[in-house]
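Visitor: here's a sequence, model it:
(2 chains)
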Amino acid sequence: MIEIDTVSKQFTLHNQGGAVIPVMQGARLSVAPGECVALTGSSGAGKSTLMRMIYGNYLAASGRIMVGGVDVARAEPREILALRRETLGYVSQFLRVVPRVPTIEVVAEPLLALGRQREEAMDRARDLLARLNIPERLWSLSPTTFSGGEQQRVNIARGFAHAYPALLLDEPTASLDAANRETVLCLIDEAKARGAAIVGIFHDEEARAHVCDREIDVSVFTPKAA
Amino acid sequence: MSTTPLLQVRDITHYYGARIGCRDVSFDLYPGEVMGIVGESGSGKSTLLGCLAGQLAPDAGEVLFDTRSDGLRDTLKMSEPERRMLSRTDWAFVHQHARDGLRMGVSAGGNVGERLMAVGARHYGDIRDQAVDWLGRVEIPADRVDDRPTAFSGGMQQRLQIARNLVTGPRLVFMDEPTGGLDVSVQARLLDLLRGLVREMGLSAIIVTHDLAVVRLLADRLMVMKDGHVVETGLTDQVLDDPQHGYTQLLVSSVLQV
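Guide: You can find the predicted model right below:
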């Protein structure tokens, strides 16, 4: 489902003397449907960078990033947008929303964007918010004023609203209490059971051991200082 | 996914005397796509928008639009009546200053109804019903339908301008700094409204702005202009989070954090 081949990445800082910082070289990764692969490595090793490249948020300097038959490293913006709508989900560490939009709409939005019936989308959103213990009185409010943990759970609910065939999870259990952490691990297990290919970053070792089938140490792809 | 672009722009160039307004700008816009054009004042973004929307005559280039009746047409080669018809039916233009896009001496309902009459609506009751419906969609209360825009706040005027532009069901909307000069709370409301309308109506839009937060929320794709040239294009979040060109890096790093 996700196939990464000899991907490299460098940042060129034009306003800081044109400094070129190579951050990744020869990255390889393959994730089959129903499999969850953890990216590991110390802070700064490039876990988030690799994940952002898979999502098309960072531009790969070279190599191939195949997701569901689309090469994200070369695709047109509209192809990547279609991929994100239908195939590739991403739970980032931070929730970014339009001010004023109610929480339930934020969670239902991925389904509405796919043209699903409003009632179906709302039912799914309600179900997920309830499972993640967001009190019902908050559903009609914008999540912008919520606590960090609540925003994180809204973000997870949104990421799991649609049954994406491929899913990227950046620290999905960080800052959650035991009960909510359990729910998130359960959601990940369900996604695997329906055949989703998942790439995740988990600092929570127990969670990682519970849901991940394999680990890839991304520091192997860190370019050695010349 | 639709494979025919709604708009194909080829090598649009406009000079102000010897100075470059914009030069060799080309892109395709597909149905349902929202493209943002960013750059500082004088970068050529408004000149480009004017050329695309038929308000300025470019010195070179083509603007091909997939018309409903005759397929692909170069709008720059259309006759004046043809282009005027296009700009009342398939196209819409939302100005930065609402007063440039509204008739200030006519009631709110009249501003919206006038557009319907321009495309052939004649039944007064239907026109008024549609006008009230559209005022509702942009959150203007029905009891303000007979008030003139001069009695409206800036945010309300801007929402009225949007209603007036969208009532005829256009397929392509040009917007020039649609949230410029509004309070942030009013901006947020307007952005939410625009996003909803774009999704419900499947609109394509080209939005010129210098506000990077606005394009992040509204635009699928981004084009960055400097000194009349396009320096970078791509997926909006990619251009903002991983800018490749020095100028874009400068723009993104210059945004004040709140």
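Visitor: interface residues of chain A facing chain B?
Guide: Counting by C-beta under 8 Å from any C-beta of the partner chain, the residues of chain A close to chain B are A:11-15, A:52, A:56-59, A:77-82, A:96, A:98-101, A:112-113. Placement of C-beta: from N, CA and C, glycine included.
Visitor: among those, which lie within helices?
Guide: Under the assignment DSSP state H, the residues of chain A next to chain B contribute A:Arg52, A:Pro77, A:Arg78, A:Glu79, A:Ile80, A:Leu81, A:Ala82, A:Leu112, A:Ala113 to helices.
Visitor: in contact with the third one, which residues?
Guide: Listed by C-beta atoms under 8 Å, 6 or more residues apart in numbering or on different chains, the contact partners of A:Arg78 are B:Met1, B:Tyr30, B:Glu33, B:Asp220, B:Arg221.
Visitor: rewinding a little: just the buried members of the residues of chain A next to chain B?
Guide: Burial by neighbour count, judged by 16 or more other C-beta atoms under 10 Å in any protein chain shown, picks out A:11, A:52, A:56-59, A:77-81, A:98, A:101, A:112 from the residues of chain A next to chain B.
Visitor: let's have the residues you listed in TSV, adding pLDDT and distance to B:Gly136.
Guide: Converted to TSV, those look like this (pLDDT from 0 to 100; distance: C-beta to C-beta, whole Å):
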residue	pLDDT	distance to B:Gly136
A:Phe11	94	49
A:Arg52	96	41
A:Gly56	97	38
A:Asn57	96	38
A:Tyr58	96	42
A:Leu59	95	43
A:Pro77	94	34
A:Arg78	93	32
A:Glu79	95	37
A:Ile80	96	36
A:Leu81	95	30
A:Val98	78	20
A:Val101	87	19
A:Leu112	91	21
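Visitor: and the closest residue to A:Ala60 other than its chain neighbours, how many neighbours?
Guide: Closest residue to A:Ala60 apart from its sequence neighbours, by C-beta to C-beta, 6 or more residues apart in numbering or on different chains: A:Ala73 at 4.2 Å. Look at A:Ala73: counted by other C-beta atoms under 10 Å in any protein chain shown, it has 19 neighbours.
Visitor: helices of the chain, residue ranges please.
Guide: No chain specified, so I'll use chain A. Assigned by DSSP H, chain A shows helices spanning A:47-55, A:77-86, A:103-113, A:118-131, A:148-161, A:178-193, A:205-211.
Visitor: my bad, the chain I had in mind was chain B
Guide: Using DSSP H, helices in chain B cover B:45-52, B:80-88, B:98-101, B:108-118, B:124-137, B:154-166, B:184-201, B:212-218, B:236-241, B:246-253.
Visitor: can you list those helices in JSON lines and add distance to A:Val199?
Guide: Shown next, in JSON lines, are the helices of chain B (distance: least, C-beta to C-beta, whole Å):
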{"stretch": "helix B:45-52", "distance to A:Val199": "38"}
{"stretch": "helix B:80-88", "distance to A:Val199": "47"}
{"stretch": "helix B:98-101", "distance to A:Val199": "47"}
{"stretch": "helix B:108-118", "distance to A:Val199": "49"}
{"stretch": "helix B:124-137", "distance to A:Val199": "41"}
{"stretch": "helix B:154-166", "distance to A:Val199": "41"}
{"stretch": "helix B:184-201", "distance to A:Val199": "29"}
{"stretch": "helix B:212-218", "distance to A:Val199": "24"}
{"stretch": "helix B:236-241", "distance to A:Val199": "18"}
{"stretch": "helix B:246-253", "distance to A:Val199": "26"}
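Visitor: go through those and name the closest to A:Gly159.
Guide: helix B:236-241 (15.6 Å; C-beta to C-beta).
Visitor: show the average pLDDT along the closest one.
Guide: Averaged over helix B:236-241, pLDDT sits at 96.
Visitor: give me the buried stretch members for that helix, please.
Guide: Neighbour-count burial for helix B:236-241 [16+ other C-beta under 10 Å]: B:Thr236, B:Asp237, B:Gln238, B:Val239, B:Leu240.
Visitor: for stretch B:105-121, same thing?
Guide: Buried positions in stretch B:105-121, judged by neighbour count with 16+ other C-beta under 10 Å: B:Ser107, B:Ala108, B:Gly109, B:Gly110, B:Asn111, B:Val112, B:Gly113, B:Glu114, B:Arg115, B:Leu116, B:Ala121.
Visitor: show me which of these is closest to B:His95.
Guide: Relative to B:His95, and with distances defined as C-beta to C-beta, the nearest of these is B:Asn111, at 13.2 Å.
Visitor: residues in contact with that closest one?
Guide: B:Leu102, B:Arg103, B:Pro149, B:Leu160, B:Ala163, B:Arg164.
Visitor: also B:Leu6?
Guide: B:Leu6 is in contact with B:Leu29, B:Tyr30, B:Pro31, B:Glu33, B:Phe65, B:Asp66, B:Arg171, B:Leu172, B:Ser204, counting by C-beta under 8 Å, 6+ apart.
Visitor: I'd say the last one and B:Leu172 touch.
Guide: Yes: counting by C-beta atoms under 8 Å, B:Ser204 does reach B:Leu172; the two are 5.0 Å apart.
Visitor: for chain A, what's the nearest residue on the stretch 151-258 of chain B?
Guide: Using C-beta to the nearest C-beta, B:Gly246 is the residue of the stretch 151-258 of chain B that sits closest to chain A, at 3.0 Å.
Visitor: what sits against that residue?
Guide: With contact set as C-beta under 8 Å, 6+ apart, B:Gly246 has these partners: A:His14, A:Asn15.
Visitor: distance of it relative to B:Pro81?
Guide: In this view, B:Gly246 and B:Pro81 are 46 Å apart by C-beta to C-beta, to the nearest Å.
Visitor: ok, now A:Thr49?
Guide: From A:Thr49 to B:Pro81 the distance is 55 Å (C-beta to C-beta).
Visitor: tell me how many other residues crowd A:Glu76.
Guide: Around A:Glu76 there are 15 other residues, counting by other C-beta under 10 Å.
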